[in-house]
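> got a predicted structure plus its sequence, pasted below:
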Amino acid sequence: MADDMGEGQATDLKRRQIMRWGLVGAALFMAGCQVVPKAPPKPVEAPPEEGAMTGLPTDATRHRIALLVPLTGSNAGIGQSIANAANMAVLDTGGERIRMTVYDTAGGAAAAADKAIAEGNKLILGPLLAEDVRAAAEVGRRSRVPLIGFSNDVSVAGNGTYLLGFTPAQSVSRVVGYARSKGLVKFAGLVPAGVYGQRAQTALARSVEEAGGSLVSVQSYDRNAGAIMGAISRINKAGAADAILIADSSRTAVQAIPIIRRGPSASAKILGTELWNTEASLSSPTLNGAWFASVSDGVYTQMAAKYRTRFGLAPYRLSSLGYDAVLLATKVATNWKLGTPFPLRALDDTGGFAGIDGAFRFNAYGVAERALEVQQVGSSGATVVSPAPKGFVD
């Protein structure tokens, strides 16, 4: 993922019935498979207002929203893919309520946010990286323009900043709960050094306790083969575990699993995180039988096929964040009076929203809480062993 990830679960959300499914027409998309491209084409701007000459045209019928993503520099591929998907969403929903303009954050997210606000945008979607979200949000707060960012670092959420990024806490909780339901009791964890690893470790400890299991050991490591071997050796000294969470990429898991299989936890079930779902392939037989929790790929795969038809290449997996952000803005726009600030209260709907990545809602901290499924890796890829719930009931 682009940023370090974190957790944040609200405890004060009221019980609700199954969420209202809104504007998503994505289930009608053509089927297709996913390939990760090296560099998607540059985004296609939404259709211009008739009669427009230069600059942003006057628009008395649609709300202006800004999309801030990197279109140049090292993250241009991901940014362009998000922008393309966001523009697809504008076209797919008709673009009758919103006008979206894309701004490049490579020259500075604060400068991009300043320009967006000066040009009349009342809502900012993006940016991608945590430091860019922080910078753009500060600009937005001065003008009371809220931001729905794509970072997964929960430390930047709150005070008018909302996050759609995929966080590890929910993924860890979901896969641990599923493992516990299958009779696994003793858990261990391998976590990378850094913020993501620290938050994954906290999530693992909390999830195991809540599920009624026991935590045998959690060990951190730097990202090199020797460090991973040392961390596994320390876990082995703590005794056998029924399940071991590897809170890193599937590539790291492929390195670690053979070492685990030579120790007292040789038969342990391997658990992964949402990171695995952003990778192009889980084809290594070393991963067979492993479980991980993530958003569903069902509708995303259909969107990817439509994207590939339009642009000639497949999108990055994170492109769904751009599509869903536009769906959300479009839904809110149906009750958003023109010429007024963005209605933040609309984001507090505990019934949630629907998108390419399934059901989601914002918790009390402004972080997207998602309905996740559990997948099992097999010889032909991953298959769903526990479907994501269709909505929220609390």
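Okay, I see it.

> and C33, what's its pLDDT?
C33 carries a pLDDT score of 32 in this model.

> same question, A27
So A27 comes in at 35 (pLDDT).

> now do G381
So, for G381, pLDDT stands at 85.

> and for L67?
98.

> over to R199?
Reported pLDDT for R199: 92.

> what's the helix or strand for it?
Using DSSP states H and E, R199 falls within helix 195-211.

> then K390?
K390 belongs to no helix or strand, assigned by DSSP H and E.

> was I right to think it contacts A371?
Yes. K390 lies in contact with A371 (C-beta atoms under 8 Å); the separation is 7.1 Å. In short, each C-beta sits where N, CA and C put it, glycine included.

> low pLDDT regions in the stretch 201-350 of the chain?
Across the stretch 201-350 of the chain, the ranges flagged by pLDDT under 70 are 280-281.

> neighbour count: K390 and A371, which is higher?
A371 (22 against 13; other C-beta atoms under 10 Å).

> quick one: that one and R361 touch, right?
No. Assessed by C-beta under 8 Å, A371 is found out of contact with R361, at 9.2 Å.

> which residues do those two both contact?
Among the neighbours of A371, those also in contact with R361 (C-beta atoms under 8 Å, 6 or more residues apart in numbering) are F392.

> quick check: phi and psi at N363.
phi -80, psi -180 (degrees, to the nearest 10).

> burial measure for it, as a count.
20.

> and the gap between it and G197?
According to C-beta to C-beta, to the nearest Å, N363 stands 22 Å off from G197.

> still on that earlier bit, residues that sit against both of K390 and A371, list them.
Contacts common to K390 and A371, judged by C-beta under 8 Å, 6+ apart, are A359.

> and the helices in the stretch 151-300 of the chain, which stretches?
168-181, 195-211, 225-237, 250-260, 298-311 (DSSP state H, counting those that start in this stretch).

> take those and write them to TSV, including distance to A112.
Below are those laid out as TSV (distance: least, C-beta to C-beta, whole Å):
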stretch	distance to A112
helix 168-181	28
helix 195-211	25
helix 225-237	38
helix 250-260	33
helix 298-311	23
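
> pick the most buried one from the ones you listed.
Per-stretch averages of neighbours, counted by mean count of other C-beta atoms under 10 Å, single out helix 168-181 among the helices of the stretch 151-300 of the chain, with a mean of 24.

> domain ranges for the chain, per the record?
26-51+60-166+301-370, 168-294 (automatic domain parsing).

> run the chain-centre distance for the longest one.
Averaging C-alpha coordinates over domain 26-51+60-166+301-370 and over its chain gives two centres that are 12 Å apart (C-alpha atoms, centre = their mean, to the nearest Å).

> please renumber the chain so that the first residue is 439 from this point on.
Taking 439 as the first residue, the last one we looked at is domain 464-489+498-604+739-808.

> give me the buried positions along stretch 777-790.
780, 784-785, 788, 790 (16 or more other C-beta atoms under 10 Å).

> Throw the residues you listed into CSV and include distance to V571, thanks.
Conversion of the buried residues of stretch 777-790 to CSV gives the following (distance: C-beta to C-beta, whole Å):
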residue, distance to V571
F780, 17
A784, 20
L785, 16
T788, 24
G790, 22
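
> what's the closest of those residues to V613?
G790 (21.2 Å; C-beta to C-beta).

> how near is that closest one to A809?
8 Å.

> before we move on, the earlier item: just the buried residues of stretch 777-790: which are in strands?
Residues of the buried residues of stretch 777-790 located in strands (DSSP state E): none.

> nearest to M741, of those residues?
Nearest member of the buried residues of stretch 777-790 to M741, counting by C-beta to C-beta, is G790, at 19.4 Å.

> residues touching A524, list them.
481, 505, 538, 540, 563, 760-761, 763-764.

> which residue sits closest to it, ignoring its sequence neighbours?
Of all residues beyond its chain neighbours, the one nearest A524 is G760 (3.6 Å), with distances taken as C-beta to C-beta, 6 or more residues apart in numbering.

> confirm that neighbour sits in a strand?
No. Counting by DSSP: H, G, I helix; E, B strand; the rest coil, G760 is not found in a strand; it is helix.

> wait, it touches P565, no?
No. Between G760 and P565 there is no contact under C-beta under 8 Å: 11.3 Å.

> mind checking which of those two has more residues around it?
Between G760 and P565, G760 has the larger neighbour count (other C-beta under 10 Å), namely 33 against 30.
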